[in-house]
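In: Sequence plus predicted model, see below.
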Amino acid sequence: MHRVIGRRALLAGAAASAGMVASSPMRRARADVEPDWRPRELDVREIRVEGRLSQLFVLATPRHLESYERVPLVVLLHGLGETGDPRMGAWAWMERYGLGTSYDRLRAAGSMRGLVLACPYMPDLPVASPGAFDEYARWLADTVVPRARREASAAFDSAAYTYLGGCSLGGHFSIEVLLRRPEAFSAWAGVQTALSADAAGRYGARLAATGAKRPLLVETSSGDPFRAGNEALSQALARAGASSTFVELPGPHDQPWLRRAGTPRMLQWLDDVPRPECRSDPPDRRAATP
């Protein structure tokens with residue numbers, strides 16, 4: 001039987017260990033929209049699709065690629081604070097977590113090759129019902145991913161270059177998705193994933209069992225109430241022989257930290273995952289080939 005660890009128990013346990021039950025930023029943070037969130041290097045738009053638990057995602061497509069270039073597709077889940085509003089959730093990575101501005105900074109530094117980014121709304125799924133995770137995982141893998149590929153011709157049409165990630169509660173829920181659909185995503189990145197240390201050990205073993213060659217990022221910060229859980233997850237992955245990277249940055253668990261440090265570090269790691277420099281032969285080269 002597929003076992004889902006209760007979200008409330010997870011969050012309460014991890015926050016209590018940090019002495020932050022009453023004031024956990026997971027529960028209360030609703031930061032204002034970043035004033036200059038709109039990226040220069042990405043075309044960003046909202047897409048509605050069929051679905052029962054969610055019907056909305058935001059798609060960001062690079063403007064800097066040639067028409068024949070192909071890059072990975074990344075699906076990113078948001079945190080608890082935006083689960084109550086579909087529009088706020090779908091736009092959270094762009095408007096609140098600094099996804100577009102981080103992308104621009106990495107491009108300006110010459111360190112970003114390119115990614116297509118899909119940010120779906122994630123509801124606060126009922127943890128007592130594993131079926132809800134089953135349905136949400138199907139929606140992501142069978143509705144969001146194919147639609148994103150159709151809308152963004154720059155995305156590789158292959159699960160080998162389709163990645164999954166999430167922040168805080170989205171990190172936790174993205175693990176549940178990956179465990180259900182491991183064939184759909186070839187890399188995973190969790191930023192300040194909302195896990196207790198005990199749960200993290202169990203999740204680490206199960207994640208490693210989905211494929212030792214899948215790159216995994218565990219990113220946390222010195223002031224993250226879930227730091228112990230993230231460290232335990234990284235240790236469990238290492239014991240199981242998984243291909244994982246552990247990153248701890250200075251700072252708290254909040255949206256300004258994401259915009260300043262957490263999001264750009266995650267984006268850089270995702271862009272650095274090995275991939276072919278897939279520049280399908282440009283038209284002039286194809287025409288010259290006998």
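Out: In hand now; what should we look at?

In: in the stretch 1-150 of the chain, which spans are strands?
Out: 42-48, 56-62, 73-77, 116-120 (DSSP state E, counting those that start in this stretch).

In: any chance of those strands in TSV, with distance to Thr220 too?
Out: Heads up, the C-betas are built off the backbone N, CA and C, glycines and all. TSV is the format used below for the strands of the stretch 1-150 of the chain (distance: least, Cβ to Cβ, whole Å):
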stretch	distance to Thr220
strand 42-48	26
strand 56-62	25
strand 73-77	17
strand 116-120	21
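
In: just so I know, which of these lies nearest Phe226?
Out: Closest of these to Phe226 is strand 73-77, at 15.2 Å (criterion: Cβ to Cβ).

In: for that closest one, packing partners?
Out: strand 116-120, helix 145-151, strand 162-167, helix 169-180 (3 or more Cβ pairs under 8 Å, 6 or more residues apart in numbering; DSSP states H and E).

In: by how many degrees do the shortest one and helix 169-180 diverge?
Out: When you say that, I think you mean strand 116-120. Put simply, strand 116-120 runs at 100 degrees to helix 169-180, going by axes from the mean of the first three to the mean of the last three Cα atoms, to 10 degrees.

In: Residues contacting strand 116-120, please?
Out: Around strand 116-120, the neighbours that count as contacts under Cβ atoms under 8 Å, 6 or more residues apart in numbering are 42, 54, 56-62, 71-78, 89-94, 99, 103, 140, 144-145, 148, 152, 154-155.

In: Pretty sure Leu207 sits against Leu178.
Out: Yes. At 6.9 Å, Leu207 counts as touching Leu178 under the criterion of Cβ atoms under 8 Å.

In: Find the residues that touch each one of these two.
Out: Shared contacts of Leu207 and Leu178, defined by Cβ under 8 Å, 6+ apart, comprise Trp188.

In: For the nearest residue to Phe57 once chain neighbours are set aside, give its distance to Gly84.
Out: For Phe57, ignoring the flanking residues on the chain, the nearest one in space by Cβ to Cβ, 6 or more residues apart in numbering is Pro120 at 3.8 Å. Using Cβ to Cβ, to the nearest Å, Pro120 is found at 15 Å from Gly84.

In: repeat for Thr263
Out: From Thr263 over to Gly84 the distance is 22 Å, taken as Cβ to Cβ.

In: Please say which of the two ends up with more neighbours.
Out: Per other Cβ atoms under 10 Å, whichever of Thr263 and Gly84 has more neighbours is Thr263, with 25 against 11.

In: so that one is in which element?
Out: Following DSSP states H and E, one finds Thr263 within helix 263-272.

In: Just the C-alphas of that helix, formatted as CSV.
Out: The C-alpha trace of helix 263-272 is given here as CSV (Å, rounded to 0.1, in the frame of the first residue of the first chain):
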residue,chain,number,x,y,z
THR,A,263,15.7,30.2,-6.6
PRO,A,264,18.8,31.2,-8.6
ARG,A,265,20.8,28.4,-7.0
MET,A,266,18.0,25.9,-8.0
LEU,A,267,17.8,27.2,-11.5
GLN,A,268,21.5,27.0,-12.0
TRP,A,269,21.6,23.4,-10.8
LEU,A,270,18.7,22.5,-13.1
ASP,A,271,20.4,24.1,-16.1
ASP,A,272,23.7,22.3,-15.3
